[in-house]
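Novice: coordinates only, sequence not included:
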Ligand SMILES: Nc1nc2c(ncn2[C@@H]2O[C@H](COP(=O)(O)OP(=O)(O)OP(=O)(O)O)[C@@H](O)[C@H]2O)c(=O)[nH]1
């Protein structure tokens, strides 16, 4: 076994005390720990989270996902909203789930340089997206970072993600309210937005409603709002409200927040508990799936036949179902042989 890199031994008691005191150095250390994939770190992280775990009662932080295509103004919006919230007495944590960082190893979302004012705010804590591993791994780290921030007294946690497919669904699965930022769109473009967001958006804000674009933004919001009303008509479910705002000019950011609070009130304490419990269950299985995929990737038996299977499937010699059976058999053999 490879010798562990010498590092300062972890003093969990001190770490827990530091987090509960809201000290940044300990918060950062704890988040680095939960992001790590090193086996000994994973063990320590589990113990830490066990100690931080709060029973699901009492005041709970507001967990809000914020999504939208690149350039829609997410960081400008979070800077404006976060600063307004800390000014109103809240403590705000900002986390990020960045699917591009999973592929490239870079990390963009939640970058402090994009939110200069908020990152200098003593009542805000900003953490960029973890830059390693699978989307599942990043989601695990982000969920656990959320626990750390909540234990440290942050009562609002904003989770930023780019509006592309799976990462939005992933973030929707870890927050209470999902806020979708969009730009003025009408007609056909609207159809695309509607399809993608209907399942997950709880509040929709048309950003950049300023200057020349204000009128266009307002009519786009009206059109989208009307379309959503039609889709949701008849039920007693929450109809996502659509409003306009300008993150740049700091207009109506408070109104957007008001809608977020209304959505939470609509869920009610019981509904919120149920939602979080269901998210935990879904998350449990996501973790299992992620770990199984990882084990499959690491399996020597699978690695030994992977290239051959690839050739045979590509040339048409082997049916996909047979190929899958062989790969699974190789994996099972590995497990039973060791
Ligand atoms: N006019 C106007 N411009 C805005 C507004 N919000 C953001 N912008 C501008 O839009 C550009 C993109 O804003 P960002 O906040 O970086 O957008 P983002 O969604 O975080 O972008 P990515 O980092 O690419 O994901 C910047 O030039 C902002 O100044 C707004 O409300 N009105």
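Specialist: Yep, that arrived. Just so you know, these numbers come straight off a predicted model, no measurement behind them.
Novice: residue ranges of the helices in the stretch 201-338 of the chain, please?
Specialist: 214-232, 253-298, 300-315, 320-337 (DSSP state H, counting those that start in this stretch).
Novice: Check which helices and strands the second one sits against.
Specialist: With contacts defined as 3 or more CB pairs under 8 Å, 6 or more residues apart in numbering; DSSP states H and E, the packing partners of helix 253-298 are strand 62-68, helix 74-87, helix 135-151, strand 177-182, strand 203-206, strand 242-244, helix 320-337. No exception for glycine: its C-beta is placed from N, CA and C like everyone else's.
Novice: redo that, cut-off 6 Å
Specialist: Applying 3 or more CB pairs under 6 Å, 6 or more residues apart in numbering; DSSP states H and E, we find helix 253-298 packed against helix 74-87, strand 203-206.
Novice: What average pLDDT does that helix get?
Specialist: Helix 253-298 carries an average pLDDT of 90.
Novice: Return the distance of it from the chain's centre.
Specialist: Computed by CA atoms, centre = their mean, to the nearest Å, the chain-centroid distance of helix 253-298 equals 9 Å.
Novice: Also stretch 27-41?
Specialist: 18 Å.
Novice: Which segments of this protein make up each domain?
Specialist: What automatic domain parsing lists as the domains of the chain is 9-53, 56-267, 299-336.
Novice: wait, which of these is closest to residue 290?
Specialist: Closest to residue 290 of the domains of the chain, according to CB to CB: domain 56-267, at 3.3 Å.
Novice: Highest average neighbour count across the helices and strands packed on helix 253-298: which stretch is it?
Specialist: Ranked by mean neighbour count, those are led by strand 203-206 with a mean of 27 (mean count of other CB atoms under 10 Å).
Novice: For residue 288, which of the domains of the chain is the nearest?
Specialist: Checking the domains of the chain against residue 288 by CB to CB gives domain 56-267 as the closest, at 9.7 Å.
Novice: distance of residue 197 from residue 330?
Specialist: 41 Å (CB to CB, to the nearest Å).
Novice: of these two, who's got more company?
Specialist: Remark: of residue 197 and residue 330, residue 197 carries more neighbours, 22 against 19, as counted by other CB atoms under 10 Å.
Novice: Identify the residues contacting the closest residue to that one other than its chain neighbours.
Specialist: What sits nearest to residue 197 in space, not counting adjacent residues and going by CB to CB, 6 or more residues apart in numbering, is residue 180, at 5.1 Å. The contact partners of residue 180, taken as CB atoms under 6 Å, 6 or more residues apart in numbering, are 67, 197, 201, 204.
Novice: which one of these sits closest to the ligand?
Specialist: residue 67 (9.3 Å; CB to the nearest ligand atom).
Novice: partner residues bridging the closest one?
Specialist: Applying DSSP bridges to residue 67 gives these bridge partners: residue 161, residue 180.
Novice: burial of it, as a residue count?
Specialist: 26.
Novice: which ones are touching the residue in the chain that the ligand sits nearest to?
Specialist: The nearest approach of the chain to the ligand comes at residue 73, 2.9 Å away (CB to the nearest ligand atom). Each residue near residue 73 by CB under 6 Å, 6+ apart is listed here: 207, 247.
Novice: give me phi/psi at it?
Specialist: phi 110, psi 30 (degrees, to the nearest 10).
Novice: which of the residues in stretch 88-100 are buried?
Specialist: Going by neighbour count (16 or more other CB atoms under 10 Å), the buried part of stretch 88-100 is 90-100.
Novice: repeat for stretch 276-295
Specialist: Those would be 276, 279, 283, 286, 290, for stretch 276-295 by 16+ other CB under 10 Å.
Novice: Quick check: closest non-adjacent residue to residue 286.
Specialist: residue 136 (5.7 Å).
Novice: coming back round to it: can you put the buried residues of stretch 276-295 in a markdown table and add distance to residue 296?
Specialist: Output for those, formatted as a markdown table (distance: CB to CB, whole Å):
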| residue | distance to residue 296 |
| --- | --- |
| 276 | 30 |
| 279 | 26 |
| 283 | 20 |
| 286 | 16 |
| 290 | 11 |
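Novice: The domains of the chain: lowest mean pLDDT?
Specialist: In terms of average pLDDT, domain 56-267 trails the rest of the domains of the chain, at a mean of 86.
Novice: wait, residue 67 sits on residue 158?
Specialist: No - between residue 67 and residue 158 there is no contact under CB atoms under 6 Å: 10.9 Å.
Novice: Close to the ligand: what parts of the stretch 201-338 of the chain are there?
Specialist: Counting by CB under 6 Å from any ligand atom, the residues of the stretch 201-338 of the chain close to the ligand are 207-208, 210, 246-248.
Novice: Now, these that are in strands?
Specialist: Among those, no member is found in strands (DSSP state E).
Novice: Make a ChimeraX selection of the buried ones in the residues you listed.
Specialist: The ChimeraX command for the buried members of those (criterion: 16+ other CB under 10 Å) is given here:
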select :207,208,210,246,247,248
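Novice: between the residues of the stretch 201-338 of the chain next to the ligand, which is closest to residue 51?
Specialist: residue 247 (37.7 Å).
Novice: Would you confirm that that closest one contacts residue 75?
Specialist: No - at 8.7 Å, residue 247 does not count as touching residue 75 under the criterion of CB under 6 Å.
Novice: before we move on, back to that, just give me the closest of the buried residues of stretch 88-100 to residue 321.
Specialist: Once CB to CB is applied, the member of these that ends up nearest residue 321 is residue 99, at 30.0 Å.
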